[in-house]
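**Q** Sequence unavailable; structure follows:
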């Protein structure tokens, strides 16, 4: 019994790490972020220093709005607020499934090399959102 438990921890170390980090992130998002965003506490170090938004500015406020089911506000704050939160929930369940079934499908998916155009699309989305943030004064 001891060897099986130890074996699970060693062979699924990455899955457990990702699962714990994601769960902690959801905890911060649900219990800390709403209080910070409702009190207008500045969360972005770059915006605090420069006065200009970074590519991720608005993502926390958009995520809080998403979980309040205010999708229009979530979209206004950050283009990725809705798809990113949906993806993170799916990943949480994917990791949970991998841990229960003792599989590594998420780690194999996450650590594989992606084609160049995937990175190009991601950079494009970030740049478009950054321009929107400047334009909207976020």
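**A** That came through fine. Given the structure is predicted, the values throughout are model-derived calculations rather than measurements.
**Q** Can you report phi and psi for residue 56?
**A** phi -100, psi 0 (degrees, to the nearest 10).
**Q** In contact with it, which residues are there?
**A** By Cβ atoms under 8 Å, 6 or more residues apart in numbering, the contact set of residue 56 is 44, 78. C-beta: built from backbone N, CA, C; applies to glycine.
**Q** The one 10 residues further on too?
**A** Residues touching residue 66, when contacts are defined by Cβ under 8 Å, 6+ apart, comprise 74, 81, 82, 85.
**Q** what helix or strand does the nearest residue to it once chain neighbours are set aside sit in?
**A** Among residues not flanking residue 66 along the chain, residue 74 sits closest, at 4.1 Å (Cβ to Cβ, 6 or more residues apart in numbering). Using DSSP states H and E, residue 74 maps to helix 71-77.
**Q** Now the element after that helix, going C-ward?
**A** Downstream of helix 71-77, the first helix or strand assigned by DSSP H and E is helix 81-101.
**Q** what separates the helix or strand just after that following helix from the chain centre, distance-wise?
**A** Remark: after helix 81-101, the chain's next helix or strand is helix 105-111, criterion DSSP H and E. When distances are taken as Cα atoms, centre = their mean, to the nearest Å, helix 105-111 is centred 16 Å away from the chain's centroid.
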